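Q: Give the three-dimensional model of this entry:
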Amino acid sequence: MSSDIGTSRGKRLERRAPVAARHQGRALAVLLLGPITMVGGLIWAVAQPYRIAFLYPNGKGLYDYLVQPPLLVALVGFVFMVWIAPGLAEDLELEDDGPES
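A: Below you'll find the model as predicted:
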């Protein structure tokens, strides 16, 4: 057996470790986008409470009750966190298992 074959495999495994860590970081970043968006929407609602029609109902119509931007941002963050981010994170993790380019 050649020493090149024995040593190249060890070097290849050492090279993959930083790649795997980078992909795990990307998956974590994707998973955190939803909660960060939800927190941003809630901070917006606290910073500008007059945008929430439930708190100041005078002169508000049906549209104002249905479309409240800070709460819509929090809802979008929740939808992303529950339905979209898990699939994206899984795809990023599966990318680690594939062959190297």
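Q: And Y65, which helix or strand is it part of?
A: For Y65, the host element (DSSP states H and E) is helix 62-66.
Q: Tabulate the CA atom coordinates of that helix in PDB.
A: The C-alpha coordinates for helix 62-66 follow below in PDB (Å, rounded to 0.1, in the frame of the first residue of the first chain):
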ATOM      1  CA  LEU A  62     -62.300  46.200   9.300                       C
ATOM      2  CA  TYR A  63     -59.200  46.600   7.200                       C
ATOM      3  CA  ASP A  64     -57.300  48.200  10.200                       C
ATOM      4  CA  TYR A  65     -58.200  45.200  12.300                       C
ATOM      5  CA  LEU A  66     -57.200  42.600   9.700                       C
END
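Q: after that helix, next one along is what?
A: Following helix 62-66 in sequence order, the next helix or strand is helix 69-79 (DSSP H and E).
Q: Give me the contacts around that next one.
A: With C-beta atoms under 8 Å, 6 or more residues apart in numbering as the test, helix 69-79 has contacts from 33-42, 44-45, 48, 51-52. Every C-beta, even on glycine, is put in place using the N, C-alpha and C of the backbone.
Q: show me the contacts for Y56.
A: By C-beta under 8 Å, 6+ apart, the neighbours of Y56 are 49-50.
Q: Kindly indicate whether it is helix, strand or coil.
A: The assignment at Y56 comes out as coil when based on DSSP: H, G, I helix; E, B strand; the rest coil.
Q: Give me the distance between it and Y50.
A: Y56 sits 6 Å away from Y50, going by C-beta to C-beta, to the nearest Å.
Q: Now name the helix or strand holding T37.
A: Using DSSP H and E, T37 sits in helix 3-47.
Q: which residues are in contact with the helix holding Y65?
A: For helix 62-66, the external contacting residues (C-beta under 8 Å, 6+ apart) are 53-54.
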